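Peer 1: What follows is a predicted structure for the sequence shown.
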Amino acid sequence: MKFNKYLMNALKLGLTLLLALTISGCWSNMGSKPAETGTTPAAAPEKSKKTTAVYHDFEDVLVPMELTVMKDKTVVVSTPGFRSGILALKGRVDSTSLFNFFSNNMLKDNWNVVSKIKSPGNTIMVFAKSSRCAVITIRESQLYTYVEIGVAPTLGNTGGEMTQTDLSE
C-alpha cells in the first residue's frame, strides 16, 4: 500500500515538472519575430524556427500566436492606405508575458510609448506614431487572458511628428 502511494506521488511530481518545463519553454520564445523561410548560409547549420507571433489586421502590431482572434468582438475598418478599429483576442497566456511582449515589439515596430498602467488583473498600454495611436488592453480572467488592440488616427494632428502638446490635449 505504501509503495502505491509513493509511486502515485512520484508520478504526480514528474508530470508537474514536465508541464512546468513545457510552459516555460513556450513563454521564453514569445518575444521572437516570425521565422523567415529561405536559404541559410552554408556555414550555419540549418534549423527550423517556429513562428511565435504574427501580424493580423494591423501591419505594425505583432501578436503572439497563442492568442486567437475573437471575430464577434473585432471591428476593423480599411480605407486606402489606413486601417483602424479594435482587434479582440483571447488565449491562455500570462499577462506579464504579454505586457513584456508588447512593450518590446511595439518599440521594434517604431511605436512611441505614451503611457503604461498596470493594476491587478488589468493593464493598459498606449503607443503613438505620427498619424495614429494604439491602445492595448490586457485583462485577466480565470480561464483566459483577453487582449484588445485599438488603432485609430490621431485627432488634431496635421500629419507632422507628435509633440508633447499633442499628447497632453
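Peer 2: That came through fine. Numbering: from 1, shown residues only.

Peer 1: what's the distance between the closest residue to I149 other than its chain neighbours and V151?
Peer 2: Using Cβ to Cβ, 6 or more residues apart in numbering and skipping the chain neighbours, the partner closest in space to I149 is L87 (4.5 Å). All C-beta spots, glycine's among them, are computed from the backbone N, C-alpha and C. Computed as Cβ to Cβ, to the nearest Å, the L87 to V151 distance reads 8 Å.

Peer 1: about what we covered before: sort out which residues of the helix or strand containing the residue nearest to I149 are buried, please.
Peer 2: For L87, the element it lies in under DSSP states H and E is strand 82-91. Counting neighbours by 16 or more other Cβ atoms under 10 Å, one finds that the buried residues in strand 82-91 are 84-90.

Peer 1: just for this structure, where's the confidence low?
Peer 2: 1-49, 156-169 (pLDDT under 70).

Peer 1: tell me the domain boundaries of it?
Peer 2: 1-30, 53-159 (automatic domain parsing).

Peer 1: Could you single out the most deeply buried of those?
Peer 2: domain 53-159 (a mean of 16; mean count of other Cβ atoms under 10 Å).

Peer 1: one step back: what sits in contact with each of L87 and V151?
Peer 2: Common neighbours of L87 and V151 (criterion: Cβ atoms under 8 Å, 6 or more residues apart in numbering): 58, 61.
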